[in-house]
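Student: Fold the stuff below for me.
(one chain, ligands or ions: 1)
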Amino acid sequence: MTTAFVITVDGPAASGKGTLAVRLAADYGLPMLDSGLLYRAVAVSLQRAGGDLDDQDAAAAVARGLDAAALDDPAFRSRAAGEAASRVAAHPAVRAALLDLQRAFAAQPGGAVLDGRDMGTVICPQAPAKLFVTARPEVRAQRRWRQLATQGEGVSFEDVLADIGVRDARDSGRAASPMRPAPDAVLLDTSEMTIEQAADAARRIVEAARAGWVNS
Ligand code: C5P
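Tutor: Just a heads-up that it's a prediction; the model follows:
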């Protein structure tokens with residue numbers, strides 16, 4: 001059976017993976033799933049309901065009831081939401097509750113671009129094109145700091161850098177679907193690249209994977 005053309009784009013916070021996933025989705029005319037938004041929505045919804053981020057059962061109940069069509073709330077994009085998301089994302093029951101939705105997105109006949117932490121390892125290990133996008137923590141902190149500033153969140157660079165360290169440790173150290181490259185993922189370090197250079201490099205990686213996929 002041939003797998004639909006799925007591109008997975010995993011990597012740590014502010015590595016550039018989100019921007020690259022959007023570009024690739026536009027280039028190939030594919031729908032894109034920003035899976036981080038699902039965890040952000042679960043965390044913010046749980047907090048709004050007065051729940052505790054460490055309460056796995058409550059978080060999983062929110063995840064099971066998540067309306068995937070209502071993810072455009074700007075509150076989900078905040079710094080606090082990212083931090084809260086990484087706490088609920090460590091609960092295996094939350095991840096299990098979001099599994100079918102993500103796999104169904106990946107299984108669309110035309111293919112898809114999947115942006116996250118475990119897209120290539122857990123959600124769609126059979127994807128023909130897998131990228132793991134990374135960059136040095138200082139570079140990522142600089143990017144995230146600028147992005148937060150444009151969103152009107154005044155926060156110091158040092159605090160953003162510290163956040164990134166905490167998030168990296170939590171996302172890669174958790175037992176449930178830790179962030180890591182799939183064995184066949186191509187690593188793309190964007191530390192020294194402009195967005196255009198990174199987009200070109202990502203496209204080349206995908207083109208190479210596509211050539212192998214078409215001929216398989
Ligand atoms: O990518 P984003 O920064 O929006 O993700 C927020 C948090 O959601 C991450 O730090 C991570 O803990 C969690 N996440 C995850 N698995 C994914 C996507 C995001 O655990 N596939």
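
Student: now stretch 76-89: how far from the chain's centre is it?
Tutor: 12 Å (CA atoms, centre = their mean, to the nearest Å).

Student: in that stretch, what's buried?
Tutor: 76-79, 81-89 (16 or more other CB atoms under 10 Å). To be clear about C-beta, it is placed using only N, CA and C from the backbone, and glycine gets the same treatment.

Student: do that stretch and the ligand meet at all?
Tutor: Yes: counting by CB under 6 Å from any ligand atom, the ligand has neighbours in stretch 76-89: 82, 85-86, 89.

Student: quick one: which of these sit in helices?
Tutor: 82, 85-86 (DSSP state H).

Student: for these, which one is nearest residue 31?
Tutor: Nearest to residue 31, judged by CB to CB, of those is residue 85 at 21.6 Å.

Student: Could you double-check that that closest one lies in contact with residue 45?
Tutor: No: Residue 85 is beyond contact range of residue 45, at 11.0 Å (criterion: CB atoms under 8 Å).

Student: so where do the helices sit in this protein?
Tutor: Using DSSP H, helices in the chain cover 17-28, 35-48, 56-64, 79-88, 92-97, 99-106, 137-150, 157-173, 195-214.

Student: residues of the third one that come out buried?
Tutor: Right, the one you point to is helix 56-64. Residues 58-63 are the ones in helix 56-64 that count as buried (16+ other CB under 10 Å).

Student: that older thread, for residue 97, state which of the buried residues of stretch 76-89 is nearest.
Tutor: Checking the buried residues of stretch 76-89 against residue 97 with CB to CB, the nearest one is residue 88 at 10.3 Å.

Student: any idea which of the buried residues of helix 56-64 is closest to residue 195?
Tutor: Looking across the buried residues of helix 56-64 and measuring by CB to CB, the closest to residue 195 is residue 63, at 32.3 Å.

Student: If we ignore the residues flanking it in sequence, what's nearest the closest one?
Tutor: Excluding the flanking residues, the one nearest residue 63 by CB to CB, 6 or more residues apart in numbering is residue 97, at 3.7 Å.

Student: quick one: pLDDT of the one you found?
Tutor: Note for residue 97: predicted pLDDT of 98.

Student: quick one: it and the ligand, what's the gap?
Tutor: Using CB to the nearest ligand atom, to the nearest Å, we find residue 97 at a distance of 13 Å from the ligand.
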